[in-house]
Each structure stands twice: as C-alpha cells, then as structure tokens.
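Visitor: One predicted model, sequence on top.
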2 protein chains.
Amino acid sequence: MHNPLTAEVSQSCDDCPIRHRAVCARCEADELEVLDSIKYYRAYEAGQTILWSGDRMEFVGSVVRGVASLTQTMEDGRTQMVGLLLPSDFVGRPGRDSAAYDVVATTDIVMCCFRKKPFEEMMARTPHLAQRLLEMTLDELDAAREWMLVLGRKTAREKIASLLSIIARRDATLNLSAGAGPLEFDLPLTREAMADYLGLTLETVSRQINALKRDGVIELKGKRHVTVPDFDLLNEEAGDDSDGGMLS
Amino acid sequence: MHNPLTAEVSQSCDDCPIRHRAVCARCEADELEVLDSIKYYRAYEAGQTILWSGDRMEFVGSVVRGVASLTQTMEDGRTQMVGLLLPSDFVGRPGRDSAAYDVVATTDIVMCCFRKKPFEEMMARTPHLAQRLLEMTLDELDAAREWMLVLGRKTAREKIASLLSIIARRDATLNLSAGAGPLEFDLPLTREAMADYLGLTLETVSRQINALKRDGVIELKGKRHVTVPDFDLLNEEAGDDSDGGMLS
DNA sequence: GAAACTCCTTGATTCAGATCAAACGCGCGA
DNA sequence: TCGCGCGTTTGATCTGAATCAAGGAGTTTC
C-alpha cells in the first residue's frame, strides 16, 4: 500500500496536520504514540470512490485536505448525499465491519487513516477515546437531523442558502477568519453534487444560485468562488435565524 | 417528582421491563445495581411535550411503552420530525447539557429514566458502556441517513410505504412475531404526524394511504389498524428492495 | 487549433404535491 | 340526544420544482 504523504506525519498533537479530533481533544503522550504507530496517509483523486457501501472497512480516519461525500443510491439511480466530509471530519464506524454508504472523493483528497483493529483495541482500553467518539457521533447525528429539516421542509432557495451557510461557517472556523466583514470561499461541489445533497436537480440548483446572486445575497467570481456580503442575510434566506451571530 | 410505575422496576436484566439496551448488552451484576439505584419511571400523556429544545436535560433513558417523536420547528411553524422513538429506543445525549430538539409524546408513553449525572459518572468508569452507547448512536445515525434518502429522493407514495415498512418491522421484532404471513399493526401516528415525519402535508398522506389500500398493498381496519398481506410488495413500493427477506 | 470533454446556464413545458375548501364520522361531555 | 371537536377524507385549483431540450464556456487531448 503506497503511502504518499508519510513525510507529513507529526508527533505533536498541536501541529498534527490531520487534526483528528478523536485524539486531540484529551491526548496523552502514550496514547498519541500508539496512534502514530498505526496511522498512515492516503490520497485519492476527485471522483474516486474511497469505499463502496458494503465493503469491508479496514480503517477509520479523518479528512486532511479536500472534500468527500457519503452517498446512498437507489436501484434506479436516484442518489442522495447523506454526509459531507470536510477537513477534520471523521470517517468510519468503530465496531462495524462494513461501510454503510459509498464514500466518494468530491475533490482531490488526503485522508489520515488508522488501522481499524488496533484502533478499536485502544478504544477498549481508554474510556475517554470512546467518549470522545461518542460526542463526535452525536455531533454528526445532530447535523444529519438538521439536514432532515432542510430536506423535508425547505424550499429550493432556502436549501441552497442553508448549504452555502454551512460551507461558509465550516470554512471560516477552519481558517480562523473569525472577523466580521464579507465571507469568501470556494465551492467545493459541482452543481450536481449540490443537487444530490439538497434533494434537487442540478438545473434547479443553478437557477437558485443565480437568483441569490441576482438578489445580492451572494456574489460570484467565476462559477465556484462565492462571496457573502452579509452572513445574517444569507441565514435569513436559509430560513434559519438561529446563531446568526456566531461569526460576527 | 411523582413516580407512577416504581412497582414495575425489576432487578433482573432479562425481564427488565424497559429493555434499556445500553445496559442489557453486556450487563454485570454490580453495574446493574448502580443503574437500578438511579433509575425511575415517568409517564406522559399523548400530546405532552417531554422536553423542549434547549431545555436542560437531567436524565437519559428509554421508551418503555408508547411512541414519542423528536421534532424541529421553524419560526414560521413548518415542522419536521427528525426521529421516531419506539419502545426500547434510547433518549438523551450523554455529555450534552441541553436538548437539541423537542421531544413530544405522540401517544401516552412511559419512559424509564436514569439521572444523568451518575449515569455519566458510571460511563466514565465502564468502557463498554460508552462503547455500547456509541454503537447505538451509530445505529441512530444510520437511521437518520436512511431517512435523508427518503426525504430527499422518494415520491409521496414511496415515503408512505417506507414509513409503514419501518413501523411494521419494528413492531414485528418487538413482538417476536417473526413468522411469514401477513403483518398486522396499529399505526401510532396521526396523518399529521406522518406528514411531519415524511415532509408532506396531511392531505397527501391521506390520499397516498388510501391509494395503497386501493391497490391492495395494504388493508385498513378503521383508520389506524393496518394489515400488510405481502411485506415484500410493500418494500418494493418503498423503492427499497434491500433485506426484504429479513422477516420472511 | 479543432475536437471532445465536463460543467454550467437558460428556456419551454409538465406534473406531483401543496393549498384552499368543504364535508364526513366518530367519540364524548352536557 | 344533541352538538362539538378532532382526525380524516375528498375535490378543485395552483405552483414550485422536475423534466426535456438546447446551447455556452472553460478544460484537456491529440
């Protein structure tokens, strides 16, 4: 198994390039050592399927760079993206043998992986690791349920605004650009990928994005670079006034 | 705090009326004793809100009898049910202070609760409890993501069939009526509650249920009692052929 | 530098499900 | 027994997003 990025491995928790939150939260020296000894990096190209639903999984890990998605597909080809994996997000199901969804690289991506078996053994020994994973899984559950509201009850325009809001938020916290002022970020998804996430068609996504632009809610430089002049306004469009002040 | 059902408390894991799966999986005598010492029962009437989103939670627990739902509501009143709690389902977020959703009793309901603080203390001491909870949370996450496919990509008819299938399955496993033959169960939800779960209107729910009846996929005795002559057929209607044989 | 991609936009038309509106059935308390 | 309220059904109409169809714009490939 080729390991293209071993050079990036770091022993220090603070500057660990992968930010694997499962560990960093309450790391202890000897645990980190174990984890480093079972960790490796893998790179995938945009479009590659990292894991097929039903596949045996031999690792857990997190996204270092790039974007991946969890996708479900029906026999007739209808697909729904059920999770968006951005840098620092965790992948894997400790205690489960097989993947429940396709994991697809949406952009070129680098993953930091831990071999599953030793990871689980370690988990059985260190209670706070299991607790940390539980917390992370609860976060994911919250995100999934928030998304159920988006899918079930929001209009196309609101869906787009919700997605942009989430990506903007994630991007801002990751880059620590916590100031007020306009937010700016690259859209890591094609119109089709957005449609699959939002339960829409790509045509509708295109129309609504351009409608938001026409209405001054967002600005576009090229098709993939977005500027949000007023984050509160975007959240209002998303029909979601909650925590609008989080970044301002 | 009134405790209407203390009489039902049982020390034995096997016939514990609440089936709190977090414990029963790998129970040990002294753990059970601790758990019993911090457990109490509560009853709620249909329509009562057990917990408001944002409320401080002082317990975790599971449903003994009846049905509850996790609900999210937008400022303008649109609501989406994000979780259906049937008997044996776990409620609560160990490690979290406040509820993320409204928890509403859909029918009269009995909950078995553990006081949160001591439960968490116990969790920190016993690794397999945290691991068990992690597994349960992963199950919930799977369920939520499966539901995202339903909400995002299925037609009204498929949505109804999916819901009926889930309830039928749960009902069958709970009552151990694992034989082949027609399934039969009571619908614990009003048309409106179904609509909130499926991202539809109650009129559409009504129409589609009667359409399924007209087409012989289900039979109705009264408005709330359903018979499914052919479970595979129902799953086909749900657009979900997977594991059709689970019960047959 | 043209062909062949892939991704995105835009327009015309259709249709599933929402909305608006009315009425039915059934249990329940007065 | 009579309303009365709640959940449900059913019908008529409307509409937001899907579908079908065509073209544009930016790449890679040879």
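Guide: Sure, I can see it. On a predicted model such as this, the values are computed, not experimentally measured, just so you know.
Visitor: pLDDT value on the residue nearest the centre of chain A, please?
Guide: Centroid-nearest residue in chain A: residue A:85, 2.2 Å away (criterion: C-alpha atoms, centre = their mean). Here, the pLDDT recorded for residue A:85 equals 94.
Visitor: That one against residue A:64, yeah?
Guide: No - counting by C-beta atoms under 8 Å, residue A:85 does not reach residue A:64; the two are 11.0 Å apart. C-beta here means a position set from N, CA and C on the backbone, and glycine is covered the same way.
Visitor: so what's the residue nearest to the centre of chain A bridging to?
Guide: Taking DSSP bridges as the rule, residue A:85 bridges to residue A:68.
Visitor: Contact partners for it?
Guide: By C-beta atoms under 8 Å, 6 or more residues apart in numbering or on different chains, residue A:85 lies in contact with A:63, A:67-70, A:91, A:103.
Visitor: same thing but 7 Å
Guide: Counting by C-beta atoms under 7 Å, 6 or more residues apart in numbering or on different chains, residue A:85 touches A:63, A:67-70, A:91.
Visitor: Please parse chain A into its domains.
Guide: Recorded structural domains for chain A (assignment: automatic domain parsing) are A:6-150, A:155-246.
Visitor: what about the last one, average pLDDT?
Guide: Across domain A:155-246, the average pLDDT comes to 90.
Visitor: measure residue A:171 to residue A:225 for me?
Guide: 12 Å (C-beta to C-beta, to the nearest Å).
Visitor: Can you pick out the residue with more neighbours from these two?
Guide: Higher neighbour count among residue A:171 and residue A:225: residue A:171, with 18 against 12, using other C-beta atoms under 10 Å in any protein chain shown.
Visitor: Count the neighbours of the nearest residue to that one once chain neighbours are set aside for me.
Guide: Taking C-beta to C-beta, 6 or more residues apart in numbering or on different chains, and ignoring the residues beside it in sequence, residue A:171 has residue A:185 as its nearest neighbour in space, at 4.2 Å. By other C-beta under 10 Å, the residues close to residue A:185 number 20.
Visitor: same question, residue A:56
Guide: Residue A:56, neighbours per other C-beta under 10 Å, totals 10.
Visitor: So in terms of bridging, what pairs with it?
Guide: residue A:98.
Visitor: ok, it to DNA strand D distance?
Guide: 32 Å (C-beta to the nearest atom of the strand, to the nearest Å).
Visitor: Can you tell me the SS state at the closest residue to residue A:143 other than its chain neighbours?
Guide: Ranked by C-beta to C-beta, 6+ apart and with sequence neighbours excluded, the top spatial neighbour of residue A:143 is residue A:83, at 7.9 Å. Secondary structure, DSSP: H, G, I helix; E, B strand; the rest coil: residue A:83 is strand.
Visitor: if I pick residue A:83, what's in contact with it?
Guide: So residue A:83 contacts A:69-70, B:145 (C-beta under 7 Å, 6+ apart).
Visitor: of those, closest to DNA strand C?
Guide: residue A:69 (13.4 Å; C-beta to the nearest atom of the strand).
Visitor: Of all the residues in stretch A:210-224, which ones are buried?
Guide: Buried residues in stretch A:210-224, counted by 16 or more other C-beta atoms under 10 Å in any protein chain shown: A:212, A:217-218.
Visitor: what's in contact with that stretch?
Guide: In contact with stretch A:210-224 (C-beta under 7 Å, 6+ apart) are residues A:157, A:160-161, A:164, A:186-187, A:226-229, A:233-234, A:237.
Visitor: same thing with stretch A:140-160?
Guide: Contacts of stretch A:140-160 (C-beta under 7 Å, 6+ apart): A:162, A:198-200, A:204-205, A:208-209, A:211-212, A:237-239, B:72, B:74, B:78, B:80, B:82-83, B:100-101, B:137, B:140-141, B:144-145, B:147-148, B:151-152, B:199.
Visitor: Show me what from chain A comes close to chain B.
Guide: Proximity of chain A to chain B, by C-beta under 7 Å from any C-beta of the partner chain, involves residues A:72, A:74-75, A:78, A:80, A:82-83, A:93-96, A:100-101, A:124, A:127, A:130-131, A:133-135, A:137-138, A:140-142, A:144-145, A:147-149, A:151-153, A:199, A:239, A:241.
Visitor: can you give me the helices in chain A?
Guide: A:21-24, A:29-37, A:116-125, A:127-153, A:156-175, A:191-198, A:202-214, A:231-237 (DSSP state H).
Visitor: Wondering if stretch A:164-176 reaches DNA strand C at all.
Guide: No - using C-beta under 7 Å from any atom of the strand, stretch A:164-176 never reaches DNA strand C; the gap is at least 13.2 Å.
Visitor: May I see the buried residues of that stretch?
Guide: Here stretch A:164-176 shows A:164-172 as buried, counting by 16+ other C-beta under 10 Å.
Visitor: and that stretch, how far out from the chain's middle?
Guide: Distance of stretch A:164-176 from the chain centroid (C-alpha atoms, centre = their mean, to the nearest Å) equals 11 Å.
Visitor: what does stretch A:228-235 give?
Guide: 21 Å.
Visitor: How many residues are close by residue A:135?
Guide: By other C-beta under 10 Å, 19 other residues sit near residue A:135.
Visitor: Repeat that for residue A:156.
Guide: The local packing of residue A:156 (other C-beta under 10 Å) involves 17 other residues.
Visitor: how far away is it from chain B?
Guide: To chain B, residue A:156 is 12 Å away according to C-beta to the nearest C-beta, to the nearest Å.
Visitor: Same check on residue A:55?
Guide: Counting by C-beta to the nearest C-beta - residue A:55 and chain B are separated by 15 Å.
Visitor: can you pull the contacts of residue A:67?
Guide: Contacts of residue A:67 by C-beta under 7 Å, 6+ apart are A:85-86, A:106-107, A:109, A:188.
Visitor: so which of the residues you listed is the most crowded?
Guide: residue A:109 (24 neighbours).
Visitor: Pop out the phi and psi values for the residue nearest to it when sequence neighbours are not counted.
Guide: The shortest distance from residue A:109 to any non-neighbouring residue, by C-beta to C-beta, 6+ apart, is to residue A:66 (3.1 Å). Main-chain dihedrals, residue A:66, degrees, to the nearest 10: phi 100, psi -170.
Visitor: Which residues are in contact with residue A:66?
Guide: Taking C-beta under 7 Å, 6+ apart as the test, what residue A:66 contacts is A:105, A:107-110.
Visitor: And residue A:200, by the same measure?
Guide: So residue A:200 contacts A:156, A:159 (C-beta under 7 Å, 6+ apart).
Visitor: try 8 Å this time
Guide: A:156, A:159, A:194, A:208.
Visitor: Residue A:195 too?
Guide: A:201-202, A:204-205.
Visitor: can you tell me which of those lies nearest to chain B?
Guide: Lowest distance from chain B to these (C-beta to the nearest C-beta) belongs to residue A:201, with 11.0 Å.
Visitor: What distance do you get for the closest one to residue B:181?
Guide: Note on residue A:201: its distance to residue B:181, by C-beta to C-beta, is 42 Å.
Visitor: Neighbour count for those two, which is higher?
Guide: More crowded of residue A:201 and residue B:181, by other C-beta under 10 Å: residue A:201, with 14 against 11.
Visitor: What sits closest to the more buried one if chain neighbours are left out?
Guide: residue A:195 (5.5 Å).
Visitor: so how far is DNA strand D from that neighbour?
Guide: From residue A:195 to DNA strand D the distance is 7 Å (C-beta to the nearest atom of the strand).
Visitor: cool, and residue A:171?
Guide: 22 Å.
Visitor: do residue A:78 as well
Guide: Look at residue A:78 and DNA strand D: by C-beta to the nearest atom of the strand, they are 8 Å apart.
Visitor: That's all I had, so thanks and see you.
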